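> Let me see the structure of the following:
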Amino acid sequence: MNTQKIGIYVDSQNCRKFSAFHLSVLNLAQATGKIVIANVYYNSNCDNEVNLITKIDSNNFTFKDVPCLLKNSSDNQIIADILKDKKNLDQVILITGDGDFQYIVETLKESGKKVTII
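Purely as a prediction, here's the structure:
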C-alpha cells in the first residue's frame with residue numbers, strides 16, 4: 001500500500017474544464033497514495049466559476065472562495081496554502097491553465113516533493 005500524502009490544488013479560474021475530469025484526477029491520486037488535501041479555488045463574484053463548482057463532487061473537494069477581483073488573487077492563495085501545507089505532503093497535484101506557479105513548483109521540487117501539473 002502506498003502511503004504518499006497527496007495535496008490537490010485546483011485553479012478554477014484558469015482551468016474551466018476541471019469538472020469534466022475531476023473524478024479521473026481523484027482516481028489517479030488515490031492510486032498513487034492518500035489524498036490529504038483537495039482544494040478548489042474559485043471566486044464567488046464570477047458566475048462561471050460558481051457554475052463550475054456545482055458540477056464537482058463536494059464529498060471529495062473543499063471549495064475555497066477567493067472573492068477578490070484583483071488579478072492573481074486565487075493564484076496567491078493557492079501558493080500560500082501550498083507553502084503552508086508542504087511539510088505534510090509528499091506530492092502536489094496542481095491543476096491550472098497558466099504559468100504563474102513556476103516558482104512554487106521549483107521550490108517544491110527542491111524540497112524533494114513530487115509535483116504533477118495538469
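
> Next up, the contacts around residue 89.
With contact set as CB atoms under 8 Å, 6 or more residues apart in numbering, residue 89 has these partners: 5, 6, 7, 36, 37, 113. Backbone N, C-alpha and C define where each C-beta goes, glycine included.

> do the same with residue 81
Counting by CB under 8 Å, 6+ apart, the residues that residue 81 touches are 9, 39, 64.

> so which of these is the most crowded?
Ranked by the number of neighbours (other CB atoms under 10 Å), the contacts of residue 81 place residue 9 first, at 23 neighbours.

> Can you tell me what sits against the one helix or strand that residue maps to?
Under the criterion of DSSP states H and E, residue 9 resides in strand 5-11. For strand 5-11, the surrounding residues in contact (CB under 8 Å, 6+ apart) are 18, 22, 25-26, 29, 32-41, 61, 74-75, 78, 81-82, 85, 88-98.

> In helices, which of the residues you listed appear?
Secondary structure from DSSP state H places 18, 22, 25, 26, 29, 32, 74, 75, 78, 81, 82, 85 of those in helices.

> which secondary element of this structure has the worst mean pLDDT?
Scoring the helices and strands of the chain by mean pLDDT, DSSP states H and E places helix 47-53 at the bottom, with a mean of 83.

> That one - contacts with which helices or strands?
Secondary-structure packing of helix 47-53 (3 or more CB pairs under 8 Å, 6 or more residues apart in numbering; DSSP states H and E): helix 18-32, strand 34-42.

> residues of the last one that come out buried?
Same thing as strand 34-42. Across strand 34-42, burial judged by 16 or more other CB atoms under 10 Å covers 35, 37, 38, 39, 40, 41, 42.

> export those residues to a markdown table and tack on pLDDT?
Shown next, in a markdown table, are the buried residues of strand 34-42 (pLDDT from 0 to 100):
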| residue | pLDDT |
| --- | --- |
| 35 | 96 |
| 37 | 96 |
| 38 | 95 |
| 39 | 96 |
| 40 | 93 |
| 41 | 92 |
| 42 | 90 |
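
> Closest one of the residues you listed to residue 52?
Nearest to residue 52 among the buried residues of strand 34-42 is residue 42, at 6.8 Å by CB to CB.
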